[in-house]
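>>> below is the sequence, then the predicted model.
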Amino acid sequence: MAYEINEEQKMFQESIRDFAKTVVEPRAMEIDEKGEFPWDMVEALKKNGFMGLPFAEEYGGEGADLLTLCIAIEELAKVCVNTSLILGCQELGSTPIKLGASDELKKKYLPMLASGEKLCGFGLTEPEAGSDAASMKSRAVKKGDKYVLNGTKCFITNGGVGEIFSVFAMTDPEKGVRGISAFIVEKEFPGFTVGKHENKMGIRGSSTTELIFEDCEVPAENLLWEEGKGFSLAMMTLDRTRSSIGAQGLGVAAGALEYTIGYMRERVQFGRPIAALQGLQFMVADLAMQVEAARSLVYRAACAVDSEEPGFSALSAMAKCFATDTAMKVTTDCLQLMGGYGYMKEYPIERMMRDAKITQIYEGTNQIQRVVISRALLGGK
Amino acid sequence: MEFDLNEEQTMFRQMVREFADKEIAPYAEELDGTGEFPYEIQAKMADLGLYGLPIPEEYGGAGADFVTYSIAVEEIGRVSASLSISMAAHTSLGSMPIYLFGTEEQKQRWLVDLAQGRKLGAFGLTEPEAGSDAGATRTTARLAAGEWVINGTKCFITNSGTDITSHVTITAVTGEHGGGKEISNILIPAGTPGFDVAPSYRKMGWHNSDTHELSFTDCRVPEGHLLGERGGGFKAFLKILDCGRIGVAALSVGLAQGCLDESVSYAKSRIQFGQPIGRNQGISFKCADMLVEVELARLATLKAAWLADQGRPYTREAAIAKLFASEAAMRAANSAVQIHGGYGYIEDYPVCRYFRDAKILEIGEGTSEVQRIVLSRMLGL
């Protein structure tokens, strides 16, 4: 068992760390303040070949494994969660295509996603179907060579900027969960509009919107896998992407801790740097332990997914839950260590704390992760 | 033992609660988005007598006890931390120093307008290099030709830059005695030449609370603006902070109660998996924990207030209440957002604001760490 990332991964880590520090970090505050989607970051990620990481070489990607993607997301999230989410969402939106599309569909869609020419998204959640995703109301009815899609999705990352969406809808409501199907929906399909843009606590540079389908016409060949397999496809996707949200939590935690340690060395109170106070030293020690544990778990889960190890679903859930709970704990305590300055927008920590909160909620709340983990241990449904 | 509020206090709580629900809550989200000081609501609160509760009637106040004051801070804090802190800081930091340490002439000149809420008062203790180490004050006041000449910078000062701010009481070094600093309090009227108010801070939360950095450059005020004894500044501000801690504790109780109320109401109405989410123990236990902490925080806060009303020492109890209540409020806000899922992350929902507002409670008026210092010293450590 390898407790170390290999040479290639180490070199990759150095290069993306350098990219994050020099290209991304200087923009992070502005992205949050303006609340605008950072297209320049998309361009920079494209230019440096990072957009194509989790795509196979035959589709123009880099063919990187999930561990490498997690390393990339971690390094980006250390300085800017918004930018890390560009990679994260491209993976989330494209995984149903990778897992469930015909070769033709893959050839049609994956190259434009691997190159970053188009951004994608994942349309599962609805106003009345959050944690209970299976209770979705969106309907897709087959008419000739098309499916006619009706319904509303909410909280969709990349909603206002994406052009390709994996969308889930009921094709056979009688069958419940087994009546859900998945489709590739293009922004240009008639009957597809983008609804409300959410005003969020954090990840303010990410576009989170409703997707509205009104008699939206989807070519029948854009069905993923087969009818009734949509929910399985969604769960298979999330089992494989959760580690990357864990990596996001890990990154923002590690970034906040690194920044705060720098502050503690310089901030003088009571005649010496506050780093000399044991009450604060012990806080930092606790935080560092959690970050390190989160990193081990995220890397472990990513490797399990990469090798399709049995039980990787529960491991992914553990990694997501632990690393994002760590993100919340670490950013909250780092703000505490920064005192009044931590609460001010001139410093990055309050933004990191706001950004950290969503990692405990999206791609399955941490309550849902606990459901996944406990079911794996205790059975039941 | 008597744990009940008296009839007057009970009726008062009801009255403030109704006011908060009717006059503040419906506008709180929108107000937060503007980041402006809410003069209209402030005036309504002043009409109710909320800006001078513990100040005797002869100086324009309500002559109420600290228990009553805590109730008001809590009830306003249940719907708006910004308005609650404005009122609490005005009372404990803006008005009490004049009431406790002022001459009769100073009380007549300043206190009446403050107690009636026509004017707001502020207290300038914190400096860029003197946060938790408040004794490290660098601001100086030199007596020259019957005037204090003040130089220095204060930061994070609440209520210091509104249109109706009458003054800020600052701590300044007025001399040295046997190697130690002589610290005194001096009243600086708003608009005094050489007293500059920087633009508002951009903060994570408390968006409607008015907070500024203040700088003094050869700012001159008459010698008679000394508040309390020369050299008595350090002792005075410790006493002032004790009172302020009851206020922040009460505000924390209010914010935590608001989180509990919102969470319970959401957990009852949000249906997932065919039942209200509150039926899941993962959610209901979080609410139960929140209830326990709110109740304990309120008991601790009212005990400190009650001791103050008895004229007994309450430094220890105020520190306990502030420490526990503010940390309970942060935990409650974190749970409340989590229980609301994605909706909790959207600025349309109060818990999103409560989350951003909660963190500073653990920092302002002495960080949690400073409370631990106070308490460990009282244990003889």
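Happy to help now that I have it. Note that the structure is predicted; figures quoted are calculated from it, not measured.
>>> for the strand or helix carrying A:Leu233, buried residues please.
Secondary structure from DSSP states H and E places A:Leu233 in helix A:230-266. For helix A:230-266, burial by neighbour count (16 or more other Cβ atoms under 10 Å in any protein chain shown) applies to A:230-257, A:259-260, A:263-264. Bear in mind the C-beta positions are built from the backbone N, C-alpha and C, glycine included.
>>> what's the answer for stretch A:133-150, then?
Buried residues in stretch A:133-150, counting neighbours by 16+ other Cβ under 10 Å, are found at A:Ala133, A:Ala134, A:Ser135, A:Met136, A:Ser138, A:Arg139, A:Ala140, A:Lys146, A:Tyr147, A:Val148, A:Leu149, A:Asn150.
>>> would you verify that A:Thr193 is located in a helix?
No: assessed with DSSP: H, G, I helix; E, B strand; the rest coil, A:Thr193 is strand; it does not lie in a helix.
>>> rewinding a little: now whichever helix or strand comes after the helix holding A:Leu233: average pLDDT?
Per DSSP H and E, the first helix or strand lying C-terminal to helix A:230-266 is strand A:268-269. Mean pLDDT, computed over strand A:268-269, is 96.
>>> give me the contact list for the helix or strand just after strand A:268-269.
For strand A:268-269, the following helix or strand on the C-terminal side (DSSP H and E) is strand A:272-273. Contact partners of strand A:272-273, identified using Cβ atoms under 8 Å, 6 or more residues apart in numbering or on different chains, comprise A:Met264, A:Arg265, A:Glu266, A:Arg267.
>>> what about the first one, distance to chain B?
In this view, A:Met264 and chain B are 12 Å apart by Cβ to the nearest Cβ, to the nearest Å.
>>> let me know the pLDDT of the closest residue in space to that residue that isn't next to it in sequence.
Ranked by Cβ to Cβ, 6 or more residues apart in numbering or on different chains and with sequence neighbours excluded, the top spatial neighbour of A:Met264 is A:Ala275, at 4.1 Å. On pLDDT, A:Ala275 comes in at 97.
>>> ok but A:Ala275 is inside a strand, no?
No: with three-state DSSP as the criterion, A:Ala275 is helix rather than part of a strand.
>>> so it makes contact with A:Arg265?
Yes: counting by Cβ atoms under 8 Å, A:Arg265 is a contact partner of A:Ala275 at 5.0 Å.
>>> now the helices: where do they sit in chain B?
Assigned by DSSP state H, the helices in chain B fall at B:7-19, B:25-34, B:39-47, B:66-77, B:81-89, B:96-101, B:104-106, B:112-115, B:233-269, B:281-309, B:315-340, B:350-358, B:368-378.
>>> can you list those in CSV and add mean neighbour count, distance to A:Ala72 and mean pLDDT?
Putting the helices of chain B into CSV (neighbours: other Cβ atoms under 10 Å in any protein chain shown; distance: least, Cβ to Cβ, whole Å; pLDDT from 0 to 100) gives the following:
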stretch, mean neighbour count, distance to A:Ala72, mean pLDDT
helix B:7-19, 15, 51, 98
helix B:25-34, 16, 35, 97
helix B:39-47, 17, 48, 98
helix B:66-77, 28, 43, 98
helix B:81-89, 29, 38, 98
helix B:96-101, 21, 55, 97
helix B:104-106, 12, 63, 97
helix B:112-115, 24, 56, 98
helix B:233-269, 24, 36, 96
helix B:281-309, 19, 32, 98
helix B:315-340, 26, 28, 98
helix B:350-358, 28, 29, 98
helix B:368-378, 17, 36, 97
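>>> flag every residue of the stretch 201-350 of chain A that's near chain B.
A:201-202, A:268-271, A:277, A:279-280, A:328, A:332, A:335-336, A:339-340, A:342-346, A:350 (Cβ under 8 Å from any Cβ of the partner chain).
>>> how near is B:Leu226 to B:Thr174?
Relative to B:Thr174, B:Leu226 is positioned 8 Å away (Cβ to Cβ, to the nearest Å).
>>> show me whatever sits in contact with both of the two.
With Cβ under 8 Å, 6+ apart, B:Leu226 and B:Thr174 have common neighbours B:Trp148, B:Ser184.
>>> what's the spacing between the helix holding A:Leu233 and its chain's center?
Centroid displacement of helix A:230-266 relative to its chain, using Cα atoms, centre = their mean, to the nearest Å, is 8 Å.
>>> got it, and stretch A:207-224?
Centre-to-centre, stretch A:207-224 and its host chain are 21 Å apart (Cα atoms, centre = their mean).
>>> same question, stretch A:69-82
10 Å.
>>> measure A:Lys118 to chain B for me?
With the distance defined as Cβ to the nearest Cβ, A:Lys118 ends up 25 Å from chain B.
>>> my read: that residue touches A:Ile164, true?
Yes: the pair A:Lys118 / A:Ile164 is scored as a contact, 5.5 Å apart, by Cβ under 8 Å.
>>> who's more crowded, the two?
A:Ile164 (22 against 18; other Cβ atoms under 10 Å in any protein chain shown).
>>> what about the more buried one? Give its phi and psi, please.
The phi/psi pair for A:Ile164 (degrees, to the nearest 10) reads phi -130, psi 130.
>>> can you pull the contacts of the residue of the stretch 51-200 of chain B found nearest chain A?
The minimum distance from the stretch 51-200 of chain B to chain A, using Cβ to the nearest Cβ, falls at B:Asp133 (3.8 Å). B:Asp133 makes contact with A:Gln269, A:Phe270, A:Gly271 under the criterion Cβ under 8 Å, 6+ apart.
>>> mind listing the strands for chain A?
Ranges of strands in chain A, per DSSP state E, are A:120-123, A:139-143, A:146-157, A:164-170, A:180-186, A:192-197, A:208-219, A:223-224, A:268-269, A:272-273.
>>> could you say what helices and strands the second one packs with?
Applying 3 or more Cβ pairs under 8 Å, 6 or more residues apart in numbering or on different chains; DSSP states H and E, one finds that strand A:139-143 makes contact with strand A:146-157, strand A:164-170.
>>> for chain B, which of these is the nearest?
Closest to chain B of the helices and strands packed on strand A:139-143, according to Cβ to the nearest Cβ: strand A:146-157, at 4.5 Å.
>>> could I get the contacting residues of the closest residue to B:Gly244 other than its chain neighbours?
Using Cβ to Cβ, 6+ apart and skipping residues adjacent in sequence, the residue nearest B:Gly244 is B:Ser92, 4.1 Å away. B:Ser92 sits next to B:Ile240, B:Cys243, B:Gly244, B:Ile246, B:Gly247 when contact means Cβ under 8 Å, 6+ apart.
>>> who touches residue 362 in this structure?
No chain in the question, so chain A it is. Residues near A:Tyr362 by Cβ under 8 Å, 6+ apart: A:Phe155, A:Thr157, A:Ile245, B:Gly342.
>>> hmm, no, I was thinking of chain B.
B:Glu362 touches A:Gln336, B:Ser326, B:Glu327, B:Met330, B:Ser368, counting by Cβ under 8 Å, 6+ apart.
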